[in-house]
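Colleague: Generate coordinates for the sequence data below:
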Amino acid sequence: MRDWKKWGRAAGIRAVKTVAQTAVATIGTTAALSSVDWRMVLSTAALAGVISLLTSVAGIPEEE
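Modeller: A predicted model of the protein is given here:
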């Protein structure tokens, strides 16, 4: 049986890392910091976090 508390912690950590990596990658695609579309960065990073959590439903190695 799945330990939901352990799974939630591992999936949450993985999602936060994914959000941070996506934000860095999205910011890095602009030539100058003043031209960063922050709404796009935040929405892209948030979507990546949701996708990470949904992917974790299938199972994550950190849980075992």
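Colleague: how much space between residue 13 and residue 20?
Modeller: In this structure, residue 13 and residue 20 are separated by 11 Å, where distance is defined by C-beta to C-beta, to the nearest Å. (Glycine included, C-beta is placed from N, CA and C.)
Colleague: no wait, residue 27
Modeller: As for residue 27, its distance to residue 20 is 11 Å (criterion: C-beta to C-beta).
Colleague: now do residue 44
Modeller: Using C-beta to C-beta, we find residue 44 at a distance of 12 Å from residue 20.
Colleague: Pick out whichever of those two has more residues nearby.
Modeller: Using other C-beta atoms under 10 Å, the more surrounded residue of residue 44 and residue 20 is residue 44, with 16 against 13.
Colleague: Not counting its neighbours along the chain, what's nearest that one?
Modeller: Distance criterion C-beta to C-beta, 6 or more residues apart in numbering; nearest residue to residue 44, sequence neighbours excluded, is residue 26 at 5.2 Å.
Colleague: can you check residue 23 too?
Modeller: Taking C-beta to C-beta, 6+ apart as the measure, residue 23 lies nearest to residue 45, with 4.3 Å between them; neighbours along the chain are not counted.
Colleague: In contact with the one you found, which residues?
Modeller: Counting by C-beta atoms under 8 Å, 6 or more residues apart in numbering, residue 45 makes contact with 19-20, 22-23, 26.
Colleague: what comes up buried for the strand or helix carrying it?
Modeller: When secondary structure is defined by DSSP states H and E, residue 45 falls within helix 38-56. For helix 38-56, burial by neighbour count (16 or more other C-beta atoms under 10 Å) applies to 41, 44-45, 48-49, 52, 56.
Colleague: pLDDT of it, averaged?
Modeller: Here helix 38-56 scores 92 as its mean pLDDT.
Colleague: Would you mind extracting the C-alpha trace of that helix into CSV?
Modeller: These are the backbone C-alpha positions of helix 38-56, laid out as CSV (Å, rounded to 0.1, in the frame of the first residue of the first chain):
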residue,chain,number,x,y,z
TRP,A,38,7.1,37.4,-16.1
ARG,A,39,3.5,36.2,-16.6
MET,A,40,4.7,33.7,-19.2
VAL,A,41,7.5,32.6,-16.9
LEU,A,42,5.1,32.0,-14.0
SER,A,43,2.4,30.3,-16.1
THR,A,44,4.9,28.0,-17.8
ALA,A,45,6.6,27.1,-14.5
ALA,A,46,3.2,26.5,-12.8
LEU,A,47,2.1,24.2,-15.7
ALA,A,48,5.4,22.3,-15.4
GLY,A,49,4.7,21.8,-11.7
VAL,A,50,1.2,20.4,-12.4
ILE,A,51,2.6,18.1,-15.1
SER,A,52,5.3,16.9,-12.7
LEU,A,53,2.7,16.0,-10.0
LEU,A,54,0.5,14.2,-12.5
THR,A,55,3.5,12.3,-13.8
SER,A,56,4.4,11.3,-10.2
